[in-house]
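Asker: next come a sequence and a model predicted from it.
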Amino acid sequence: MILVVDMNFKKSSLGCLEFVQPILSTISDLDVCIAKHYIDIGQNELAKCDAAILSGTPLKDNTTLNHLEKFRWVKSGNKPVLGICAGFQTIGLVFGACLKKCLGIGMTEITTLQSNILFSSQFKAYTLHNFSIEPTDEFDTLAESTQCIQAFKHKRRNIYGVLFHPEVRNKEILRRFVCEFSGHRRV
């Protein structure tokens, strides 16, 4: 099962339709998926899932950055995780990274720096963010734009972050993550 975490400021917000539903529609044919608001994530959901995807949020929604205690499970658990935009930023902060001001809206050229399971070479991606993270010893930088880090992977664990929005463009990134870490692939 894939747990898709709604990172929006409140349950059933318009942001859920914009950022969570596109993830679900992209991956639901690959595995059983469940979407839960970050406030409602408990040990039961975490025990059942094989991997988790943390959604993005609207540009002005930075709520999760003030509720890092709700994401201790990312650091203490053993589940593969993919963070998108707000999920990227939240994972970075949970592991002690510092945010870096970096406004990105629209199509951005991304350059892959390290081989990884999600993407390769140069590609265009849709961005909508205010912050990236500063480089840190916890993460390998997988990709960047001319302005900032666009993707990372934890050095010892299957924890990934992408600042851009693969649910808008580059949906194959979501599918690759699920195919790599799903425990119950549908045929």
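Answerer: Noted; the coordinates are in hand.
Asker: which residues touch H67?
Answerer: Y38 (C-beta atoms under 8 Å, 6 or more residues apart in numbering). The way it works is simple: take the backbone N, C-alpha and C, and place the C-beta from them, glycine included.
Asker: for it, give me phi and psi.
Answerer: Backbone torsions for H67, taken as degrees, to the nearest 10, come to phi -130, psi 50.
Asker: by contact count, what packs against the least confident helix or strand in the chain by mean pLDDT?
Answerer: Ranked by mean pLDDT, DSSP states H and E, the weakest helix or strand in the chain is helix 14-15, scoring a mean of 86. For helix 14-15, there is no helix or strand it packs on, judged by 3 or more C-beta pairs under 8 Å, 6 or more residues apart in numbering; DSSP states H and E.
Asker: helices along this structure, start to end?
Answerer: Using DSSP state H, the helices of the chain run over residues 14-15, 21-27, 43-48, 72-76, 86-94, 172-181.
Asker: pipe those into JSON lines and attach distance to V4 per row.
Answerer: Converted to JSON lines, the helices of the chain look like this (distance: least, C-beta to C-beta, whole Å):
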{"stretch": "helix 14-15", "distance to V4": "13"}
{"stretch": "helix 21-27", "distance to V4": "5"}
{"stretch": "helix 43-48", "distance to V4": "11"}
{"stretch": "helix 72-76", "distance to V4": "14"}
{"stretch": "helix 86-94", "distance to V4": "10"}
{"stretch": "helix 172-181", "distance to V4": "10"}
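Asker: among these, which is nearest S120?
Answerer: Taking C-beta to C-beta, helix 172-181 is the member of the helices of the chain nearest to S120, at 10.5 Å.
Asker: check which helices and strands the closest one is in contact with.
Answerer: Helices and strands touching helix 172-181, by 3+ C-beta pairs under 8 Å, 6+ apart, are helix 21-27, strand 51-54.
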